[in-house]
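Visitor: Need coordinates for the following:
(one chain, ligands or ions: 2)
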Amino acid sequence: MNQAVFISPDLVSADSIRTKFSLAMSNMYRNEVPAYGALIDLVTEKNQAQLEAKPLLRQQLEKVENVETLSDQRHGAIRIGKASELAMMRRIFAVMGMFPVGYYDLSVANVPVHSTCFRPLEAKSIRNNPFRIFTSLLRLELIEDQQLRDKARQVLEARDIFSDQVRELVSVAEQKGGLTESQSALFIESIVNVFRWHKEAAISSELYKELLAAHPLIADVVSFKGPHINHLTPRTLDIDEVQTQIHTTGAVAKAVIEGPPRRKCPILLRQTAFLAIKEQVHFTDTDLSEQNIAHAARFGEIEQRGCALTKKGRDLYDNLLVKARGITRPLHDGSNKTQYISDIEQVFSVFPDDYAQMREQGLGYFNYSLTEQESGDDNLKDCDIEHLIARGLVQFDPISYEDFLPVSAAGIFQSNLGEQGDQDFSQNPNQQQFEKELGTDVADQFELYEQMQQSSIDHCLKTFSS
Ligand code: OOG
Ligand code: NI
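Guide: Ligands and ions are numbered 1, 2, ... in the order given. Next up is the predicted model:
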């Protein structure tokens, strides 16, 4: 929308729609995948125990976020099949205050998709509710077998994953600048329906097997009538502890935690998951009573987030990760897990595990705020932020990383895809094409963190300059 629209007072905020949507997704997924409900309960219980045992941690968290909703889920993921679906997703997520940030090329990891993360952009909206959706678009053009590519394209071209109600409500929101309470309830209900599981496949079991052989991910996207949410992810305060307990949900834990090793001062994002459950699917050529093909797609994940890194910090992280994985590549069966953990910890020992040092070396982004200390009568008008910190008037806290990590995402994809199929995909980014199909450019994560940091600095300086 280019024109300024008149926002009527009976419209609800995009943040509140996102919050209700996240909750509705959680309820739907708990019902459909009971192990996910068990995982949320486990995470909630462990987070509660941490908060009770560590009042200091609670205090720190309260400064930057809403502790009441700590154990709510933080992200989910969908995989979609064609450009028009991606463009519509962009419009849908915008109604909930979620905008595309970052471009992820997963072909490097032998997964034929490229992705973005739809998420809130501003500190205030993130604090209200950080829920984000990792959204991947299948890249049919990467399938070598032309016949198979054409068959898959035909199936996808024929499908329409959005109801008329979805389209109408999105148009209303765009025209009016938002939705009323009752429209938003209808909107959430109709969007949750888009992401439901469909037991009845859109294709024959024969085509399913062909697609599966090409790549399990292609089968997952093409076979179904809609882009089922493939996982949701609550946030844990101690991912190492919860990892050892995932089996109590009745599911099987992924072998290793993705991302940086355990640290005193967490950085970026650590994730682990339970492996996808196998679900019976009815194909167009199978009798409903003949249930012999089980598809593994839906799983549950947990995440622990830490400090967002600057370009310099991120380059260091990426280099250390490559080095660690060069020494020991973690195997899916977990057989070299102990070795991998010891190697990655060793390699990362050069990354300072201290926020003050990370800040001094320009590795992380921080939020600056005033301390309780009185400034006295001194004239601090032209002081810079370092001086104010040295005087104890300003403090800094890490800005939380809100995005994803491509190597970790690939690890999550792969742990659930089983055998990788016949074809090797090689690195093949095409951000331009992705943005064209999305209908807009994706935002740059570094710019967003930089702005958050700078506005906190400006706020502090302004206080002393008047
Ligand atoms: C998405 C995997 C990426 C994460 O947490 O890194 C992701 C997928 O499997 O579709 O969600
Ligand atoms: Ni995930």
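
Visitor: who touches the closest residue to ligand 1 within the stretch 351-466 of the chain in this structure?
Guide: Nearest to ligand 1, among the residues of the stretch 351-466 of the chain, is Ala409, at 3.5 Å (CB to the nearest ligand atom). For every residue, glycine as well, the C-beta is placed using N, CA and C. Each residue near Ala409 by CB atoms under 8 Å, 6 or more residues apart in numbering is listed here: 104, 106, 109, 115, 134.

Visitor: Got phi/psi on the first one?
Guide: Read it as Tyr104. Note on Tyr104: backbone dihedrals following degrees, to the nearest 10 are phi -120, psi 120.

Visitor: ok now stretch 14-34, how far from the chain's centre?
Guide: Distance of stretch 14-34 from the chain centroid (CA atoms, centre = their mean, to the nearest Å) equals 15 Å.

Visitor: hey, C-alpha coordinates of it in PDB?
Guide: C-alpha atoms of stretch 14-34 as PDB (Å, rounded to 0.1, in the frame of the first residue of the first chain):
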ATOM      1  CA  ALA A  14      -1.100  -6.700  14.100                       C
ATOM      2  CA  ASP A  15       0.900  -7.800  17.100                       C
ATOM      3  CA  SER A  16      -2.200  -9.100  18.800                       C
ATOM      4  CA  ILE A  17      -3.300 -11.000  15.700                       C
ATOM      5  CA  ARG A  18       0.200 -12.600  15.600                       C
ATOM      6  CA  THR A  19      -0.100 -13.600  19.300                       C
ATOM      7  CA  LYS A  20      -3.500 -15.200  18.800                       C
ATOM      8  CA  PHE A  21      -2.400 -16.900  15.600                       C
ATOM      9  CA  SER A  22       0.600 -18.400  17.400                       C
ATOM     10  CA  LEU A  23      -1.600 -19.700  20.200                       C
ATOM     11  CA  ALA A  24      -4.100 -21.100  17.700                       C
ATOM     12  CA  MET A  25      -1.400 -22.900  15.800                       C
ATOM     13  CA  SER A  26       0.000 -24.300  19.000                       C
ATOM     14  CA  ASN A  27      -3.400 -25.700  20.000                       C
ATOM     15  CA  MET A  28      -4.000 -27.200  16.500                       C
ATOM     16  CA  TYR A  29      -0.500 -28.800  16.500                       C
ATOM     17  CA  ARG A  30      -0.800 -30.200  20.000                       C
ATOM     18  CA  ASN A  31      -4.000 -31.900  18.900                       C
ATOM     19  CA  GLU A  32      -2.500 -33.300  15.700                       C
ATOM     20  CA  VAL A  33       0.900 -34.200  17.100                       C
ATOM     21  CA  PRO A  34       0.600 -35.200  20.800                       C
END
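
Visitor: Next one: that stretch, is it in contact with ligand 1?
Guide: No - Stretch 14-34 does not reach ligand 1 (CB under 6 Å from any ligand atom); its nearest approach is 13.8 Å.

Visitor: Report the contact partners of Met28.
Guide: For Met28, the contacting residues are 192, 195-196, by CB under 8 Å, 6+ apart.

Visitor: hmm, back to that, the residue of the stretch 351-466 of the chain closest to ligand 1: what secondary structure?
Guide: helix (DSSP: H, G, I helix; E, B strand; the rest coil).

Visitor: Which of the helices or strands spans whichever residue of the stretch 101-250 of the chain sits closest to ligand 1?
Guide: The nearest approach of the stretch 101-250 of the chain to ligand 1 comes at Phe134, 4.1 Å away (CB to the nearest ligand atom). Assigned by DSSP states H and E, Phe134 belongs to strand 132-138.

Visitor: Could you do Pro234 as well?
Guide: strand 231-234.

Visitor: Can you name the next helix or strand after that strand?
Guide: Using DSSP H and E, the helix or strand that follows strand 231-234 in sequence is helix 239-243.

Visitor: what's that next one packed up against?
Guide: In terms of contacts (3 or more CB pairs under 8 Å, 6 or more residues apart in numbering; DSSP states H and E), helix 239-243 is packed against helix 34-53, strand 269-274, strand 299-305.

Visitor: need those in a markdown table with mean pLDDT, can you?
Guide: Converted to a markdown table, the helices and strands packed on helix 239-243 look like this (pLDDT from 0 to 100):
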| stretch | mean pLDDT |
| --- | --- |
| helix 34-53 | 94 |
| strand 269-274 | 96 |
| strand 299-305 | 95 |
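
Visitor: Minimum distance to Ala152: which of these has it?
Guide: Nearest to Ala152 among those is strand 299-305 (23.5 Å), distances taken as CB to CB.

Visitor: tally of neighbours for Gly334?
Guide: Residues within reach of Gly334, counting by other CB atoms under 10 Å, total 13.

Visitor: Would you mind listing which of the contacts of Met28 are buried?
Guide: Neighbour-count burial (16 or more other CB atoms under 10 Å) is assigned, among these, to 192, 195.

Visitor: Which members of the contacts of Met28 occur in helices, if any?
Guide: Among the contacts of Met28, the residues falling in helices (DSSP state H) are Val192.

Visitor: need the contacts of Met28 in JSON lines with distance to ligand 1 and pLDDT, can you?
Guide: What follows is the contacts of Met28, written out as JSON lines (distance: CB to the nearest ligand atom, whole Å; pLDDT from 0 to 100):
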{"residue": "Val192", "distance to ligand 1": "18", "pLDDT": "98"}
{"residue": "Phe195", "distance to ligand 1": "12", "pLDDT": "98"}
{"residue": "Arg196", "distance to ligand 1": "16", "pLDDT": "96"}
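
Visitor: which of the contacts of Ala409 sit farthest apart?
Guide: When CB to CB is used, the two most widely separated members of the contacts of Ala409 are Ala109 and Phe134, lying 13.9 Å apart.

Visitor: Which one of those two is surrounded by more residues?
Guide: Counted by other CB under 10 Å, Ala109 and Phe134 do not tie: Phe134 has more neighbours, with 23 against 18.

Visitor: what sits against the residue nearest to that one when sequence neighbours are not counted?
Guide: The spatial neighbour of Phe134 that comes closest, neighbours along the chain excluded (CB to CB, 6 or more residues apart in numbering), is Ala77 at 4.2 Å. Contact analysis of Ala77 by CB under 8 Å, 6+ apart lists 133-136, 229-231.

Visitor: Try it again at 6 Å.
Guide: Residues near Ala77 by CB atoms under 6 Å, 6 or more residues apart in numbering: 134, 230-231.
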